[in-house]
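Enquirer: got a predicted model here, sequence first, then my questions.
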Amino acid sequence: MSRAYVSAVARRAWLRGSIASIAIASASSLGCRSKPAEQAPDGTMLTPYLGIGEILAEDQLDGVAQLGAQLVIASEGHGDEPGVAEMLAAAGRIGGANISTARLAFRKLSEGMIAWLAAHPDQRAGLLLVHCPMAFTNEGAYWVQRSGQLFNPYEGAMMLRCGAKLAWSDHRRGAPPAGDVTLEGMDE
């Protein structure tokens, strides 16, 4: 076992412990509501990720750190899978002091989740891939959400229903989606 590998494992363990401590402190001081953050963890990475997106779409932060910690714990044993390292790096910043920082971390978290879902297509049932071209001063950003009405985690109430529902094959990391897309929610 190389020294670099042992060091990486130690850093990952420290990150998990730090995130769990932050989540517990945040949950107790903020009095989390009974939305996604209070649901019992199901051991998947997908459930806390979706919960984070729902909270950000409500222009809130309550419970985001707790869900980030749940995602980190759920990632154990998946460290070598596509997108997981990126999700772990973002989960460490998701409970930041302000919503702008949380949304930036969620963009990175989303790219990791999309990479993970690309490798696990059986996990996509009931999910949508969505892109908002106006997020982050028109840089655009992707996210994954449950099927149904759009809830934009990057713009919140300002543009809650704005986004383009995409085919999974339309995702292009760091670039607008491939093909023609129809933007929804602009007339609401």
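Expert: Nice, thanks for sending it over. The shown structure was predicted, so the numbers you read here are calculated from the model rather than taken from an experiment. Numbers count the residues shown, from 1 in each chain.

Enquirer: surely G112 forms part of a strand?
Expert: No. Judged by DSSP: H, G, I helix; E, B strand; the rest coil, G112 forms no part of a strand; its state is helix.

Enquirer: and the helices in the protein?
Expert: Assigned by DSSP state H, the helices in the chain fall at 3-30, 46-57, 64-74, 84-91, 99-119, 135-138.

Enquirer: comparing these, which gets the lowest mean pLDDT score?
Expert: Per-stretch mean pLDDT for these is lowest at helix 3-30 (a mean of 45).

Enquirer: only the buried residues of stretch 114-124, if you could.
Expert: 114-117 (16 or more other CB atoms under 10 Å). (C-beta placed from N, C-alpha, C; glycine too.)

Enquirer: that one spans what distance, first to last residue?
Expert: The first residue of stretch 114-124 is 10 Å away from its last residue (CA to CA, to the nearest Å).

Enquirer: over to stretch 108-127?
Expert: This stretch, stretch 108-127, spans 18 Å end to end (CA to CA).

Enquirer: run the chain-centre distance for that stretch.
Expert: A distance of 10 Å separates the centroid of the chain from that of stretch 108-127, by CA atoms, centre = their mean, to the nearest Å.

Enquirer: reformat the buried residues of stretch 114-124 as TSV; add distance to C162.
Expert: Formatted as TSV, the buried residues of stretch 114-124 follow (distance: CB to CB, whole Å):
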residue	distance to C162
I114	19
A115	24
W116	25
L117	22
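
Enquirer: which of the residues you listed lies closest to N138?
Expert: I114 (20.1 Å; CB to CB).

Enquirer: contact partners for the closest one?
Expert: Counting by CB atoms under 8 Å, 6 or more residues apart in numbering, I114 makes contact with 83, 129, 142, 144, 171, 173.

Enquirer: repeat the analysis, applying 10 Å as the threshold.
Expert: By CB atoms under 10 Å, 6 or more residues apart in numbering, I114 lies in contact with 82-83, 86, 129, 142-144, 168, 171, 173.

Enquirer: quick one: which of those residues is most hemmed in?
Expert: Of all the contacts of I114, W143 has the most neighbours under the rule other CB atoms under 10 Å, reaching 29 neighbours.

Enquirer: not counting sequence-adjacent ones, nearest residue to it?
Expert: Leaving aside its sequence neighbours, W143 sits nearest to S110 (CB to CB, 6 or more residues apart in numbering; 4.6 Å).

Enquirer: thought that neighbour was touching G140?
Expert: No. Using CB atoms under 10 Å, S110 is not in contact with G140, being 11.6 Å away.

Enquirer: shared neighbours, these two?
Expert: With CB under 10 Å, 6+ apart as the test, S110 and G140 both reach Y154.

Enquirer: quick one, which of those two is more surrounded?
Expert: Between S110 and G140, counted using other CB under 10 Å, the more crowded position is S110 (26 against 18).

Enquirer: okay, that one and C132: tell me how far apart.
Expert: Applying CB to CB, to the nearest Å, the value for S110 to C132 is 11 Å.
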